[in-house]
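Enquirer: got a predicted model here, sequence first, then my questions.
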Amino acid sequence: MQFTRKPRRPPVINIINLIDILIVLLIFYIATTVFKKSEPKIKIAVPSSTQATVTTSDTLPSIIYVTKDNTIYLDDAPVDADKLGDMLKSRLAADPNFKVAMKGDKEAPFGAIVQVLDAAHAAGITNLPTFSTPKPAEGGATGP
């Protein structure tokens with residue numbers, strides 16, 4: 001005796017749900033990479049200040065880092081303090097709108113910071129902004 005078999009339906013994978021999940025992940029990755037700020041892997045503890053203000057700018061300046069072990073970086077590359085002035089001068093000659101700022105560790109030797117200031121002054125940069133973190137005022141009082 002022969003039994004009749006029911007015809008088997010081929011398995012169906014519903015890929016619409018998979019596409020929805022992939023689109024959400026893609027949007028998440030795009031949003032997190034676009035808004036991520038470029039920070040080098042240099043560890044610097046910025047000193048705090050009661051007079052510090054938060055400013056925003058359209059173009060981000062190049063940053064000179066001074067670490068606590070007396071190392072000076074221009075953006076991500078380590079730089080010799082003697083060659084820093086020439087590098088800043090060449091960048092300023094190439095782009096008249098060149099901006100630079102300094103981010104020094106609170107335990108950085110003062111001599112290294114003076115070398116950076118001298119190099120910037122030799123390159124023709126008279127105003128070198130520095131980074132600090134705002135310190136909350138005690139007792140709710142504001143500055144003078």
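Expert: Yep, it's here.
Enquirer: any idea how far whichever strand or helix holds Ala101 is from the chain center?
Expert: Using DSSP states H and E, Ala101 falls within strand 100-104. Relative to its chain's centre, strand 100-104 lies at 12 Å (C-alpha atoms, centre = their mean, to the nearest Å).
Enquirer: can you pull the contacts of the closest residue to Pro129 other than its chain neighbours?
Expert: Closest residue to Pro129 apart from its sequence neighbours, by C-beta to C-beta, 6 or more residues apart in numbering: Ala101 at 4.5 Å. Where C-beta positions appear, they are placed from N, C-alpha and C, glycine not excepted. Contact analysis of Ala101 by C-beta atoms under 8 Å, 6 or more residues apart in numbering lists 61-64, 128-131.
Enquirer: and after the strand holding Ala101, which helix or strand comes next?
Expert: Once the chain leaves strand 100-104, the next helix or strand it forms, by DSSP H and E, is helix 110-122.
Enquirer: that next one vs strand 100-104, what angle?
Expert: With axes from the mean of the first three to the mean of the last three C-alpha atoms, to 10 degrees defining the directions, helix 110-122 sits at 180 degrees from strand 100-104.
Enquirer: contacting residues around helix 110-122?
Expert: Residues outside helix 110-122 that contact it (C-beta under 8 Å, 6+ apart): 64, 66, 70, 72, 81, 84-85, 88-89, 100, 102, 104, 128.
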